[in-house]
Every structure is written in structure tokens, then in C-alpha cells.
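sequence unknown, structure follows:
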């Protein structure tokens, strides 16, 4: 007889986030909220009903937050975390990608129009030291990047297929 498996937790939210490389730099957003310590986060956000896919949400979010276009989008990492008090989870999809263009003057959306604190675009060296030099969240992503700098670069090589 097979062991009992716990019931699947309902997915109540999905996000799409960019592990966005520009040459040897990782592009992140430094978030500073009033009364809190700053933290750094990858560009991205929630998948909305208007998005045709998680990848479409990624492109929309990168455009809103950075005024940017990305290429070579490859799934890289998935993180599942508890969300709220009802036993549901948030699934965070992280995609390795390269920056094609960025115009910060084109940023739009709630982060720009109704900011809660400051959103600063920052380029970190895409090295172990670079990704661990700041409070990059979530911690699971920070640990993944620290272990997989070379692997992430390999995901973006032209011979991947």
C-alpha cells in the first residue's frame, strides 16, 4: 500500500520574474519602503487575467517596471511559498533572459504611478559575490543564483537549442 500523500495546496497566486542579464550585470530593483531596511528584487510581478501566459506576464511586468524588452527567455527556477492564511501557495516563476533594450522614461504602472517608497534600478555584478552582496529576495533565489552563476549563463548560450 502506498503511503498517504498530503493534499495539494491550492495555488492562489502566480508571479513571473526576470533573472535579467545585461552583459556581465544582473539588473535588479532596490526597494526602499518607509521604516524598513532596503531589499533587492528581480523585475516582475503577478500574473494577471489579461496575460495570455506566464511568459506574457513577464514581458508586461518588465515593460512596466523598467521600460524594457527582453530576449532569450528561458525558464530557470520555480519557488513555491505559503500565501496568506488559507493554506494556499504562491508559485514564483523565474526566467533567465537578456536585456534587449531599456528606457526608464517609459516605466509605468503602480510602482511608478503610486509608489510605496523608492524603486531604484541597479546593476549588480553577476558573480557569486555580486548576488550575495545585497539583501536579494527571496532568499531561495539568492541561494540558487549563488550556486548557479555558470548554469544561468549556460541557459542563455546560443547552442541550448
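Here it is on my side, so go on. Treat the numbers as computed from the prediction; the structure is a model and nothing was measured.

buried sites along the least confident helix or strand in the chain by mean pLDDT?
Ranked by mean pLDDT, DSSP states H and E, the helix or strand of the chain with the weakest confidence is helix 110-113, at a mean of 78. By 16 or more other CB atoms under 10 Å, the buried positions in helix 110-113 come out as residue 111. C-beta here means a position set from N, CA and C on the backbone, and glycine is covered the same way.

quick one, strands of this structure?
11-22, 25-32, 39-41, 44-46, 68-83, 88-102, 118-125, 136-137 (DSSP state E).

redo those strands as a markdown table? Include mean neighbour count, distance to residue 61 and mean pLDDT.
Rendered in a markdown table, the data for the strands of the chain read as follows (neighbours: other CB atoms under 10 Å; distance: least, CB to CB, whole Å; pLDDT from 0 to 100):
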| stretch | mean neighbour count | distance to residue 61 | mean pLDDT |
| --- | --- | --- | --- |
| strand 11-22 | 20 | 6 | 96 |
| strand 25-32 | 19 | 11 | 97 |
| strand 39-41 | 18 | 11 | 97 |
| strand 44-46 | 19 | 5 | 96 |
| strand 68-83 | 16 | 10 | 95 |
| strand 88-102 | 18 | 11 | 97 |
| strand 118-125 | 15 | 13 | 95 |
| strand 136-137 | 18 | 16 | 96 |
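
reformat those strands as a markdown table; add distance to residue 62.
Shown next, in a markdown table, are the strands of the chain (distance: least, CB to CB, whole Å):
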| stretch | distance to residue 62 |
| --- | --- |
| strand 11-22 | 5 |
| strand 25-32 | 9 |
| strand 39-41 | 13 |
| strand 44-46 | 7 |
| strand 68-83 | 5 |
| strand 88-102 | 8 |
| strand 118-125 | 11 |
| strand 136-137 | 17 |
